[in-house]
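Asks: give the three-dimensional model of this entry:
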Amino acid sequence: SKTVEASRSPRVRIPHSPLDRRDRGPRAPLHQVGHPGAIPSLIPSLTHPTPTVTPVQGSKRERKPGVWALRVYAGPDPLTGRKRYVSRTFRGGARAADDAVRDLIRSVQAGALEPADDLTVADLLERWWHGREREWSPSTARDHRNAIDTWITPRIGTWRVRSLKAADFERFYGALARRGGRTGGRLSPTSVRKAHSIVHAALEDAVRWELIPANPATRARRPKVVKHEPVVPTLDQIRAAVAAADPAMAALIRVAIATGARRGELAALQWGDVDLKAGTVHVRRAVVIVRKQLTVKATKTGAAGVLAVDAGTVDVLRSWRHDRQAAHLEAGGGRLKATDWVWVDGDLRSPMPPDRITYRWRTLADRLGLDGVRLHDLRHAAATHMVAAGVDVRTVAGRLRHASPAMTLDVYASRDLDADRAAAATMGRLLDGGR
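Replies: Here you go, the predicted structure:
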């Protein structure tokens, strides 16, 4: 027999539905599945006399007179392994609700329904992250995972995806901005915007999977982010930093400003990437830290490039190689190989970790009074000073490995004060009739 559970009535026996009788074949035995409230599904085969039975659990619960909550187990999520359910609200009598449960079971078995009604934000984010992880770099996957576990799931993980409204997200963003920090303090607008981007992307996939008709986060007001204006060091400040640094950092700072390479790209340089005769540096990989382990990956944009360097930078690199070779021989490592790292950790075999590069730069900058100048600002400085010196923007974009010159001008080429004064003087001459 088939049974369902009802909160207000005792268990009742449910006969075969009329659809089961229409096959005119012999009545197959019914089997109990799972708990006493389970409804095994029996769908007659049209080509075989003996039906093929796929057991599926279903139940009904009366919320109030004449209003029933129907629930059918839809199997585990293929990515997360979590149990999934399809739920419906039904209005009518108990027998009609029993028929509705059967219809719901058949729809789930036929693949006509996705378990979206009970899908929570946490379930969706798990499915989205596992499905996209292989497309991301290790550092991007790590950052998204941290944001999900720290900012999003603890606050809205239990929310039902189908019930989400734009106003829900605006309240979430406000709470995150006020109390989303590690110690319960404020969270920066940039971090809140990142949380929005993750939730929005996951909901976009939910729309594509036809779990929801539209993305509610699209209509939510996102937090405004004040654009960070980099503190671009002057050429004199850069020369002073190179002169005050130890040999390793002096060489690294010189290569950073000469090539515009990112921190992880500098850490990933090997001696085989440096051609002292040709005067080139080949940027082809980056080093990141994932789960406290150094990981070598492709560059941030996936774009590699051979960059020409000036004679002065070649001399700095040649001197640094000489120092490294001496230290390598003293440690019993023999001659430097093409696969040896240009800047090494204490064990002389691993690349210098990116966070250690940042720490050493910060220590040097503080000693020189370069307040607010980050290591990444050397990349801004490379673009800004090249543009100010008259190098065409397309060439600068190529050296920074940008997809378009527009990005170079918008993000990296800060306004140079001397060039700005020259532009003002030119406009003044035009206004004064060439005087």
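Asks: distance check, L164 against D273.
Replies: Between L164 and D273 the distance, using CB to CB, to the nearest Å, works out to 48 Å. (Glycine included, C-beta is placed from N, CA and C.)
Asks: next one: A147
Replies: Look at A147 and D273: by CB to CB, they are 33 Å apart.
Asks: could you do W209 as well?
Replies: Separation of W209 from D273 (CB to CB) stands at 43 Å.
Asks: tell me the secondary structure at the most centrally placed residue in the chain.
Replies: Taking CA atoms, centre = their mean as the criterion, H144 is the residue nearest the geometric centre of the chain, at 4.0 Å. Per DSSP: H, G, I helix; E, B strand; the rest coil, the secondary structure class of H144 is helix.
Asks: try R88
Replies: R88 - assigned by three-state DSSP - is strand.
Asks: how about V373?
Replies: Here V373 is recorded as coil under three-state DSSP.
Asks: cool, and K60?
Replies: Per three-state DSSP, K60 ends up strand.
Asks: equivalent analysis for V288, please.
Replies: Following three-state DSSP, the label given to V288 is strand.
Asks: report how many residues lie close to it.
Replies: 21 (other CB atoms under 10 Å).
Asks: what of V344?
Replies: Neighbours of V344 under the rule other CB under 10 Å: 17.
Asks: could you do the one 4 residues further on as well?
Replies: Using other CB under 10 Å, L348 has 15 neighbouring residues.
Asks: contacting residues for it?
Replies: L348 is in contact with 327-328, 331, 333, counting by CB atoms under 8 Å, 6 or more residues apart in numbering.
Asks: go again using 6 Å as the cut-off
Replies: L348 makes contact with A331, according to CB atoms under 6 Å, 6 or more residues apart in numbering.
Asks: state the distance from it to A327.
Replies: 7 Å.
Asks: what of R254?
Replies: Plainly put, R254 is 19 Å away from A327 if you go by CB to CB.
Asks: more neighbours, these two?
Replies: Neighbour tally, R254 and A327, criterion other CB under 10 Å: the higher count belongs to R254, 24 against 13.
Asks: between W209 and D273, which one's more packed in?
Replies: Neighbours were counted for W209 and for D273 using other CB under 10 Å; D273 has more, 20 against 14.
Asks: so which bits of stretch 224-240 are buried?
Replies: Buried residues in stretch 224-240, counting neighbours by 16 or more other CB atoms under 10 Å, are found at 230, 232-233, 237-238, 240.
Asks: mind putting these in CSV, pLDDT, distance to A308 and secondary structure included?
Replies: Listed next are those as CSV, based on pLDDT from 0 to 100; distance: CB to CB, whole Å; DSSP: H, G, I helix; E, B strand; the rest coil:
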residue, pLDDT, distance to A308, secondary structure
P230, 80, 25, coil
V232, 88, 23, coil
P233, 92, 23, coil
Q237, 95, 24, helix
I238, 95, 19, helix
A240, 96, 25, helix
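Asks: of those, which is the nearest to A388?
Replies: V232 (10.1 Å; CB to CB).
Asks: what helix or strand is E204 on?
Replies: Taking DSSP states H and E as the criterion, E204 maps to helix 189-208.
Asks: list the contacts of that helix.
Replies: Contacts of helix 189-208 (CB under 6 Å, 6+ apart): 124-125, 128, 144, 147, 151-152, 173, 176-177, 212, 215, 217, 222-223, 225.
Asks: now that helix: mean pLDDT?
Replies: What helix 189-208 shows for mean pLDDT is 93.
Asks: return the set of buried residues in that helix.
Replies: For helix 189-208, the neighbour count (16+ other CB under 10 Å) marks 191-192, 194-196, 198-203, 206 as buried.
Asks: and A298, how many residues sit next to it?
Replies: A298, neighbours per other CB under 10 Å, totals 13.
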